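> Okay, here's the prediction I keep looking at, along with the sequence it came from:
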Amino acid sequence: MIGNLRRVSLTLLVILLALGFFASREDPEVTVYSDPSRFDGFTMGTTYSVQFAANVPPDIAAAVEKDTAQLLGKLAKEIFSTYVRSSEISRLSQSSLDAPVQISTEMAEVLQEALKVAAETDGAFDVTIAPLVNLWGFGPQRNNADGAAPSQSSLREALDRVDYRALVLDMSALTLARTSDVEIDLSAIAKGYAVDRVAELLEAYEIHDFFVEVGGELRISGHKDESKRGWVPAIEAPLSGLSQIYEIFLSRGDSIAVAGSGDYRNYFEVDGVRYSHEIDPRSGRPIEHTLAAVTVIDESAMRADALATAYMIMGAEAAKQTADAVGQAAYFIVRSGLGASGEPRFEAQHTEAFARYLVR
């Protein structure tokens, strides 16, 4: 599909899509349903939102909100934050080499999936990418304070410290050993894991119709109201300005996880050259291909999160081929030049598995 962007204000429309307010309250033919329960907050340097359609007593709803905040607070501050020096991930990156370190179940589960996706994508996804992220100025330790691209020598030095194979994970003993001086960065998978954990929490409360979002990563289950309509997520247009919708799709009542990645919001420019935060851990450099954004649907938000990053690094052709080969649902937005007025144009591609969710 080659076409112009759907220039629609995201803020209002996403709320309408999520809550399903497409019916007029004055239409006697239409039944209008009450809002799903909803609460929001901040975690992992971003926002989260939880909606559920179940009719639960107020005390249970309050307990769900409290438990969610506590869960996300623990994951963010105690385990996955590279900005908190006392967090588990910060301590792991300072551990002695070749010495197995006891790790939490949460850390083990995320690392297991991260190493699996790294192997499946030939290193396009690599959680030891931290030295490169910092070198290019996108991490907690910004090494390019002057805004310049790094030198070749510093790039080679950082690359020498990037290799997911230096992480030796023992799931039975819950230990991790580093065989070389690598630093762990789980920012491209931890939010997805957090979404999965919140979904598990809701299911433990026997809430099965919900929409969970953390930093744009989603878990969707069941229906949003009594009419049995599925939730309607949206794919953002790959533009750096005001958020706009490029495509909507339907959950169709399935239990799905959705994650996206793109190169259009976090970047800097030097002498007319644009450097994205999407860094290829194999070359050490920001991506330069025409893939602007990717959305992945999976059963697990953690896996979808990691795959979205990997596909973004691989580029549209290689990523689509890889995804199609394993039946992975993925949607790609590729740059296709400029329009007559200089506006960016895009071409959308998707795998066969994604087709069932599109509105056609």
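Cool, got the structure. Numbers count the residues shown, from 1 in each chain.
> Please count neighbours and contacts with C-alpha atoms only from this point.
OK.
> Please parse the protein into its domains.
Following automatic domain parsing, one gets these domains for the chain: 2-40+221-357, 89-178.
> what's the first-to-last distance across the shortest one?
What that stands for is domain 89-178. 13 Å (CA to CA, to the nearest Å).
> Off-centre distance for that domain?
Here the centre of domain 89-178 is set off from its chain's centre by 18 Å, with CA atoms, centre = their mean, to the nearest Å.
> cool, and stretch 80-92?
Using CA atoms, centre = their mean, the offset of stretch 80-92 from its chain centre is 20 Å.
> contacts for that stretch?
44, 77-79, 101, 103, 107, 140, 184-187, 190 (CA atoms under 8 Å, 6 or more residues apart in numbering).
> Could I get the full set of helices for the stretch 101-250 of the chain?
Taking DSSP state H, counting those that start in this stretch as the test, the helices found in the stretch 101-250 of the chain are 105-120, 130-135, 152-159, 190-204.
> Could you provide those helices in TSV, with additional columns for distance to Glu236, mean pLDDT and mean neighbour count?
Output for the helices of the stretch 101-250 of the chain, formatted as TSV (distance: least, CA to CA, whole Å; pLDDT from 0 to 100; neighbours: other CA atoms under 10 Å):
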stretch	distance to Glu236	mean pLDDT	mean neighbour count
helix 105-120	25	98	18
helix 130-135	24	90	24
helix 152-159	32	94	14
helix 190-204	18	98	22
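> TSV for those helices, including distance to Thr68?
TSV is the format used below for the helices of the stretch 101-250 of the chain (distance: least, CA to CA, whole Å):
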stretch	distance to Thr68
helix 105-120	16
helix 130-135	28
helix 152-159	37
helix 190-204	6
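> does Gly342 sit in a helix or strand, and which one?
Assigned by DSSP states H and E, Gly342 belongs to no helix or strand.
> Name the spans of the protein whose pLDDT lies under the cut-off.
Along the chain, the model assigns pLDDT under 70 to residues 1-36, 140-147, 226-228, 264-275.
> Next up, the contacts around Gln328.
Neighbours of Gln328 in contact, by CA under 8 Å, 6+ apart: Val296, Ile297, Asp298, Thr351, Ala353, Phe354.
> Next, work out how far apart it and Thr351 are.
7 Å.
> Relative to Leu167, which of the helices of the stretch 101-250 of the chain is closest?
Comparing these by their distance to Leu167 (CA to CA), the top pick is helix 105-120, with 8.4 Å.
> what's the angle between that closest one and helix 190-204?
Orientation of helix 105-120 against helix 190-204 (axes from the mean of the first three to the mean of the last three CA atoms, to 10 degrees) gives an angle of 130 degrees.
> Compare the domains of the chain and report which one is nearest to Val64.
Using CA to CA, the nearest of the domains of the chain to Val64 is domain 2-40+221-357, at 9.7 Å.
> element containing Tyr331?
Per DSSP H and E, Tyr331 falls inside strand 329-338.
> Report the buried residues of that strand.
Ala329, Ala330, Tyr331, Phe332, Ile333, Val334, Arg335 (16 or more other CA atoms under 10 Å).
> now swap in stretch 216-226 and tell me
Neighbour counts over stretch 216-226 (16+ other CA under 10 Å) mark Gly216, Glu217, Leu218, Arg219, Ile220, Ser221, Gly222, His223, Lys224, Asp225 as buried.
> before we move on, what about stretch 295-313?
If you call a residue buried by 16+ other CA under 10 Å, then stretch 295-313 has these buried ones: 295-298, 300-313.
> Tell me which other helices or strands the strand or helix carrying Ala293 touches.
In the assignment (DSSP H and E), Ala293 maps to strand 291-298. Strand 291-298 sits against strand 256-262, helix 301-314, strand 329-338, with contacts defined as 3 or more CA pairs under 8 Å, 6 or more residues apart in numbering; DSSP states H and E.
> Report how many residues lie close to Pro286.
Using other CA atoms under 10 Å, Pro286 has 20 other residues around it.
> wait, it sits on Glu278?
Yes: Pro286 is in contact with Glu278 according to CA atoms under 8 Å; the separation is 5.5 Å.
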